[in-house]
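Visitor: what would the 3D arrangement of this be:
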Amino acid sequence: MTLLIAEELALITLKPKGGCHLMRADLEDVLGGALLAELVAEGQLQRDRDGDSGPRVLQPLLGEPPADPVLAQVWQAVDGARAGKAQRTAAKLAAATVLPRLAERELVSRERRSVLSDRWAPLDQGLVDDLRQRLQRVLVDGTEADARDRTMIMLLHGAYGLGKSIGYGSGHRAAVRENRKRLGKPEWPERTTIKTIQGRRAAASG
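Guide: Got it, this is the predicted structure:
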């Protein structure tokens, strides 16, 4: 079973007995940013200029919609939008699609709630552990990161959830910091997502 980057991120942010290491709004933004990043990596979206009105998110000329229905929905919805609006749109779509599809695939369970948001829990902890160990090898051991791992690490760090989601020990913090810096700066979908999260937190604390 092939998982989207957003689906892998959703799995590793879940706690073993249910709940999430990220706040709900942060999780939605992270998943939306991951959907955009995957479309960019596959050449399905680009950030270009539209006359004098500034940079916009555009589908490449003659581009075909992605085969994955979730990616196709985002691809269609964000075309022509500025980066910030594209990120917000992707976050809303991610909230409605990513975890529900994981539930359909029997990778997570869903506890419906009347007032609070639904509570999700992983059903395949072995898969979650494998995903975490893959990112631990990059951050702790310094192995090379592919585009998928890099995107996941950038977004988790930007949402202040890297340590809790991946689960490295305090003795590895220096190595993690150096290996994360080695990955470089975030690309625009990740950077836009991080700015959105930081802006919301700053507004809440102010």
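Visitor: so which residues make contact with the worst-scoring helix or strand of the chain on mean pLDDT?
Guide: Counting by mean pLDDT, DSSP states H and E, the chain has its least confident helix or strand at strand 46-49, which shows a mean of 75. Here strand 46-49 makes contact (C-beta atoms under 8 Å, 6 or more residues apart in numbering) with 40, 55-60, 83, 188. Backbone N, C-alpha and C define where each C-beta goes, glycine included.
Visitor: list the buried residues of stretch 4-18.
Guide: 4-14 (16 or more other C-beta atoms under 10 Å).
Visitor: same thing with stretch 67-75?
Guide: Per 16+ other C-beta under 10 Å, stretch 67-75 contains these buried residues: 68, 70-71, 73-75.
Visitor: can you check stretch 129-136 too?
Guide: So for stretch 129-136, counting by 16+ other C-beta under 10 Å, buried means 131-132, 134-136.
Visitor: and those as JSON lines, adding secondary structure?
Guide: Formatted as JSON lines, these follow (DSSP: H, G, I helix; E, B strand; the rest coil):
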{"residue": "131", "secondary structure": "helix"}
{"residue": "132", "secondary structure": "helix"}
{"residue": "134", "secondary structure": "helix"}
{"residue": "135", "secondary structure": "helix"}
{"residue": "136", "secondary structure": "helix"}
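Visitor: could I get these as TSV with distance to residue 199 and pLDDT?
Guide: Formatted as TSV, these follow (distance: C-beta to C-beta, whole Å; pLDDT from 0 to 100):
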residue	distance to residue 199	pLDDT
131	28	96
132	28	96
134	30	96
135	26	97
136	30	96
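Visitor: and stretch 191-206, how far from the chain's centre?
Guide: Centre-to-centre, stretch 191-206 and its host chain are 16 Å apart (C-alpha atoms, centre = their mean, to the nearest Å).
Visitor: same question for stretch 12-30.
Guide: The chain centroid and the centroid of stretch 12-30 are separated by 11 Å under C-alpha atoms, centre = their mean.
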